[in-house]
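> Only the shape, not the letters, is given here:
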């Protein structure tokens, strides 16, 4: 049984409950694919993302584009495994003075047409 993750939409931080994961644990798969550093999971070195590489990057349009590319790369396995038929990634720079982060919205379309949305934040310099 996969445990359900609850993700705070303001902070992007996940907390686990002992409830069974709904939605075929797709949200769990998305969260873990983005949260784990690529190459750090011993059973599958291809699992994970390179988003951690952006932590020292400036909050620019180029960094925003890299974040979308890193997310697409990390989630490609969901399309390859036919878990989803399409993934759309939208990024937005937070331009408030004391906040240095990117907001990432992921919309995964399942084979039956259902849409699963996931929001996370990427901290940048």
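Perfect, I can see it now. Note that the structure is a prediction, hence the values are computed from the model and not measured.
> Scan the chain for its longest helix.
helix 61-80 (DSSP state H).
> Quickly find the element holding residue 34.
Residue 34 belongs to helix 26-35 when elements are defined using DSSP states H and E.
> What residues sit buried inside the longest helix of the chain?
Residues of helix 61-80 classed as buried: 63, 64, 66, 67, 70, 71, 73, 74, 75, 78 (neighbour count, 16 or more other CB atoms under 10 Å). From N, CA and C alone the C-beta is placed, and that goes for glycine too.
> just stretch 97-115 next, same as before
100, 101, 102, 103, 104, 106, 108, 110.
> So, low pLDDT: which residues of this structure?
Residue ranges of the chain with pLDDT under 70: 1-24.
> Spatially nearest residue to the most centrally placed residue in it, not counting backbone neighbours?
The chain has residue 34 as the residue nearest its centroid, 4.1 Å off, counting by CA atoms, centre = their mean. Nearest non-adjacent residue to residue 34, counting by CB to CB, 6 or more residues apart in numbering: residue 49, 5.0 Å away.
> Let me see the backbone angles for the one you found.
Taking degrees, to the nearest 10, you get phi -130, psi 170 for the backbone angles of residue 49.
> Done for today, thanks.
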